[in-house]
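**Student:** Any chance you could fold what I've pasted below:
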Amino acid sequence: MSAHATAPPRTRTLRPHLGSLAGAAILGVLLWRLGTGVFLDGLRRIDAGTLVAAVLVGVFTTVLSAWRWCLVARGLGLRLPLVPAVADYYRALFLNAALPGGVLGDVHRAVRHGRSAGALGRGVRAVVLERTAGQAVLAVAGVTVLLTLPSPVLTSARHTAAVLGLGTLGGLAIVAAVRMGRTPGRTRRGGALRASLAASLAEARGALLARASWPGVLLSSVLVLAGHVALFLLAARAAGPAASGASVAELVPLALLALLAMSLPLNVGGWGPREGVTAWSFGAAGLGAAQGLTVAVVYGVLSFVAALPGICVLVVRWYGALRTRRRGQDDADDATGPSPEVTVASEDTEATEFPEVTTDRYAPKASTSPASSFSPFSADASEGRPMTPESV
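**Tutor:** Sure thing, here's the model as predicted:
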């Protein structure tokens with residue numbers, strides 16, 4: 001009983017880390033089979049010119065991605081200027097590359113924009129639709145290139161596509177059988193789910209397929225994909241003579257396979273499936289699995305370098321928030337009122353402003369209190385008492 005009670009919390013704890021664990025397992029297998037020398041060789045082959053080119057390619061793809069995000073947000077009725085969008089996108093790219101999972105930067109970007117716009121749900125949906133548009137263009141381009149261009153991995157890709165097609169048909173058959181056996185209560189819940197799904201699809205069509213947004217979304221997605229392929233070709237040229245000697249027509253299908261593998265949520269900061277698929281595809285193309293792993297390592301480093309401007313955005317935003325907090329604290333200190341010394345001075349002023357209340361009514365007069373006089377000749381002669389030695 002206690003084992004069953006403790007199992008669900010453990011499952012909920014491990015579930016967010018399954019993708020990172022899978023990516024780490026893939027990297028571990030590659031290190032075991034190919035050794036660590038492949039990783040070190042890839043790092044040694046990166047020079048300053050390659051890094052500068054990676055930064056320039058990153059500027060190109062990031063600006064276009066931010067523009068696509070602006071178009072999708074506008075289609076959902078949210079205002080998003082381009083310059084803040086570029087800054088937020090750079091920060092998201094850096095967080096995606098530096099943190100496990102590869103999506104935490106996008107989550108932060110979605111929540112921050114939604115809260116600032118006063119519509120958290122639409123802000124999150126804008127980021128989801130923006131990323132979906134890019135992944136859809138990648139999937140269409142990847143499948144088209146893999147099935148049309150001559151490639152050593154074409155046969156394997158066709159077999160994989162056939163297996164996926166059969167699996168999809170089997171899944172549809174299972175869904176149809178389940179729907180036929182539903183009870184009325186489940187049917188009503190299914191109707192509510194279908195209504196919610198229809199509303200989401202209508203919103204997605206309005207954001208992505210509207211006349212004012214779809215040309216820009218399509219153009220930006222195609223250009224961003226071209227930029228990622230160019231970065232992969234740059235990594236292949238820097239990785240070694242085996243990869244640099246291959247033609248562009250041979251490398252483009254391999255690049256698309258690597259990008260498709262990167263879209264899987266089974267990575268550690270983008271590392272994992274990309275390296276496994278690239279090593280396999282280069283081995284199938286006759287270029288060597290070790291060379292493919294070297295290309296993947298170089299591509300991962302160049303992608304991280306292209307996202308490094310996100311650190312500047314993080315530092316500038318942190319410093320601005322710190323200054324705002326300090327300024328607010330100073331304003332709060334100024335608005336707390338007068339200091340204790342000022343309060344004492346005001347009380348003394350109030351006491352001297354009404355001296356007759358404390359002196360004339362409640363204190364005895366000095367002229368009628370001989371014992372309290374400081375001078376022995378304080379008696380007044382007009383009182384009719386003679387001055388005697390006793391009085392003196």
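**Student:** Now do the helices in the stretch 201-350 of the chain.
**Tutor:** 214-239, 241-244, 248-262, 273-284, 289-306, 309-334, 340-353 (DSSP state H, counting those that start in this stretch).
**Student:** Any chance of those helices in a markdown table with mean pLDDT and distance to Tyr89 as columns?
**Tutor:** Every residue, glycine included, has its C-beta placed from N, CA and C. As requested, the helices of the stretch 201-350 of the chain are arranged in a markdown table below (pLDDT from 0 to 100; distance: least, C-beta to C-beta, whole Å):
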| stretch | mean pLDDT | distance to Tyr89 |
| --- | --- | --- |
| helix 214-239 | 93 | 11 |
| helix 241-244 | 66 | 30 |
| helix 248-262 | 88 | 17 |
| helix 273-284 | 84 | 21 |
| helix 289-306 | 88 | 12 |
| helix 309-334 | 84 | 8 |
| helix 340-353 | 46 | 52 |
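**Student:** export those to a markdown table and tack on mean neighbour count and distance to Ser65?
**Tutor:** Shown next, in a markdown table, are those (neighbours: other C-beta atoms under 10 Å; distance: least, C-beta to C-beta, whole Å):
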| stretch | mean neighbour count | distance to Ser65 |
| --- | --- | --- |
| helix 214-239 | 20 | 5 |
| helix 241-244 | 16 | 27 |
| helix 248-262 | 21 | 14 |
| helix 273-284 | 24 | 19 |
| helix 289-306 | 25 | 12 |
| helix 309-334 | 12 | 13 |
| helix 340-353 | 9 | 57 |
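**Student:** To Leu146, which of the ones you listed lies closest?
**Tutor:** Across these, Leu146 has its closest neighbour in helix 248-262 (5.6 Å, C-beta to C-beta).
**Student:** Quick one: list the elements packing against that closest one.
**Tutor:** Packed against helix 248-262, as judged by 3 or more C-beta pairs under 8 Å, 6 or more residues apart in numbering; DSSP states H and E, are the following elements: helix 120-148, helix 214-239, helix 273-284, helix 289-306.
**Student:** Export the ones you listed to CSV and append columns for distance to Leu257.
**Tutor:** Converted to CSV, the helices and strands packed on helix 248-262 look like this (distance: least, C-beta to C-beta, whole Å):
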stretch, distance to Leu257
helix 120-148, 7
helix 214-239, 10
helix 273-284, 5
helix 289-306, 10
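**Student:** quick one, which of those is nearest to Ala321?
**Tutor:** helix 120-148 (19.5 Å).
**Student:** Just the angle for that closest one relative to helix 214-239, thanks.
**Tutor:** For helix 120-148 against helix 214-239, the angle by axes from the mean of the first three to the mean of the last three C-alpha atoms, to 10 degrees is 60 degrees.
**Student:** In contact with Leu82, which residues?
**Tutor:** When contacts are counted by C-beta atoms under 8 Å, 6 or more residues apart in numbering, Leu82 touches Ala66, Trp67, Cys70.
**Student:** List only buried entries from the residues you listed.
**Tutor:** Buried members of these, counted by 16 or more other C-beta atoms under 10 Å: Ala66, Trp67, Cys70.
**Student:** Tell me the one of those residues nearest Arg327?
**Tutor:** Nearest to Arg327 among those is Ala66, at 29.4 Å by C-beta to C-beta.
**Student:** about what we covered before: go through the helices and strands packed on helix 248-262 and name the closest to Val59.
**Tutor:** Among those, the nearest to Val59 by C-beta to C-beta is helix 289-306 (8.0 Å).
**Student:** returning to what we had before: please list the members of the contacts of Leu82 that lie in helices.
**Tutor:** Using DSSP state H, the members of the contacts of Leu82 that fall in helices are Ala66, Trp67, Cys70.
**Student:** Reformat those as JSON lines; add distance to Val248 and pLDDT.
**Tutor:** Below are the ones in helices among the contacts of Leu82 laid out as JSON lines (distance: C-beta to C-beta, whole Å; pLDDT from 0 to 100):
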{"residue": "Ala66", "distance to Val248": "28", "pLDDT": "96"}
{"residue": "Trp67", "distance to Val248": "27", "pLDDT": "96"}
{"residue": "Cys70", "distance to Val248": "32", "pLDDT": "95"}
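**Student:** which of these lies closest to Cys312?
**Tutor:** The closest of the ones in helices among the contacts of Leu82, once distances to Cys312 are taken by C-beta to C-beta, is Ala66, at 15.4 Å.
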